[in-house]
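A.B. asks: Dropping the sequence and predicted coords here.
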Amino acid sequence: MICRLFAPIAVLALLAAAPQPPLALSLRFARTSFDLLDPVGIQLIVDNPSESRRDVAFTSPNEYSITIYRGRKAIWHSAQVSTTQAAPLGGTHARNIPPGASIFVTYVWSALAGDGASPAQGRYRVVADFEGIGAHLRATRSLRFIAPLAPSAVAALPVGSVATIAGRLDPDRDSVSAAGHSLQLSRIVRGIAAGRCIVVRGQVTAMRGVRGFDVSRSAPLRADGRAHDCAPVAAPHPRRSR
């Protein structure tokens, strides 16, 4: 009888002592192709394959980090961040991870490089690190920035369309030009020298039959040593007329 009573207890003890399966980290974006200056939402997904919740300890308020690469060159790195507002300084704190895959955090990258310029068109690699004690995880995923439009392409876009336009900033800094076409902007672009290749993001407008552009964001465009990165495309991309 005693053996029968203690047998279930022994099994439970063995189960409790068994090592937990490792956590896994993955990345999720709303899509994999973006316009320049279109903020990118990066979700860190933590997968807990066990059937019970699990506490993960962190040695500092910084629970994760994100780095954006073009080739082998890092162009942006997240600041010291934490999803726990009251994380103690100088000690550890824990996060409770539920079973299955769950969103650990959604980080919105501004789509600007560390120097404040817009990355050029092309493919980039997003690397995220989860900094848990005994659970240092890493995930990688690629995304693509598509070529910006030329000022001449605005004529073919519906009024109200959101788009990213590239060109040289004119001397008065209130218009951009490329391939002999100029586009009037809704405001003066400050903080960027005239003549520099820039990108502007906003909405297509029309007043008395003249197309314009209501600017919401602007930034210098990183050429990264390749002249064609600064050349916009003349034909509207289908996704840009959203």
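C.D. replies: On my side now, so go ahead. Numbers count the residues shown, from 1 in each chain.

A.B. asks: Domains in the protein, by residue range?
C.D. replies: 19-145, 151-240 (automatic domain parsing).

A.B. asks: how about CSV for the ones you listed, with mean pLDDT and mean neighbour count added?
C.D. replies: Yep, even glycine has a C-beta here, placed from its N, CA and C like the rest. As requested, the domains of the chain are arranged in CSV below (pLDDT from 0 to 100; neighbours: other Cβ atoms under 10 Å):
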stretch, mean pLDDT, mean neighbour count
domain 19-145, 91, 15
domain 151-240, 86, 17
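
A.B. asks: just the CA coordinates of stretch 21-33, formatted as CSV?
C.D. replies: Once side chains and other backbone atoms are set aside, the C-alpha atoms of stretch 21-33 remain, and they are given as CSV (Å, rounded to 0.1, in the frame of the first residue of the first chain):
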residue,chain,number,x,y,z
PRO,A,21,12.0,22.8,-23.0
PRO,A,22,13.9,25.9,-24.2
LEU,A,23,12.1,29.1,-25.3
ALA,A,24,12.3,30.3,-28.9
LEU,A,25,12.2,33.8,-30.4
SER,A,26,10.8,34.8,-33.8
LEU,A,27,10.1,38.1,-35.5
ARG,A,28,6.9,39.3,-37.2
PHE,A,29,6.2,42.3,-39.5
ALA,A,30,2.9,43.5,-40.9
ARG,A,31,4.5,42.9,-44.3
THR,A,32,8.0,42.4,-45.7
SER,A,33,8.1,45.4,-48.1
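
A.B. asks: Can you list phi and psi of Val154 for me?
C.D. replies: Note on Val154: backbone dihedrals following degrees, to the nearest 10 are phi -60, psi -30.

A.B. asks: residues touching it, list them.
C.D. replies: Counting by Cβ atoms under 8 Å, 6 or more residues apart in numbering, Val154 makes contact with Ala163, Ile165, Leu183, Val204, Arg211, Phe213.

A.B. asks: Ala155: which of those residues is nearest?
C.D. replies: Among the contacts of Val154, Arg211 lies closest to Ala155 (Cβ to Cβ), at 5.9 Å.

A.B. asks: Can you tell me how far the closest one is from Ala178?
C.D. replies: Taken as Cβ to Cβ, to the nearest Å, the spacing of Arg211 relative to Ala178 amounts to 15 Å.

A.B. asks: and if you look at Leu23?
C.D. replies: With the distance defined as Cβ to Cβ, Leu23 ends up 48 Å from Ala178.

A.B. asks: now Gly167
C.D. replies: Gly167 sits 4 Å away from Ala178, going by Cβ to Cβ.

A.B. asks: and what of Phe213?
C.D. replies: From Phe213 across to Ala178, the span is 13 Å (Cβ to Cβ).

A.B. asks: Check Val46 too.
C.D. replies: Look at Val46 and Ala178: by Cβ to Cβ, they are 44 Å apart.

A.B. asks: Ok, Leu149 next?
C.D. replies: Summarising the geometry, the distance separating Leu149 from Ala178, computed by Cβ to Cβ, is 9 Å.

A.B. asks: next one: Thr164
C.D. replies: When Cβ to Cβ is applied, the distance between Thr164 and Ala178 equals 13 Å.

A.B. asks: contacting residues for the nearest residue to Gly160 once chain neighbours are set aside?
C.D. replies: Of all residues not flanking Gly160 in the chain, Gln203 sits nearest, at 5.8 Å (Cβ to Cβ, 6 or more residues apart in numbering). Applying Cβ under 8 Å, 6+ apart to Gln203 gives the contacts Gly160, Ser161, Val162, Ala163, Phe213, Asp214, Ser216.

A.B. asks: Thanks a lot, catch you later.
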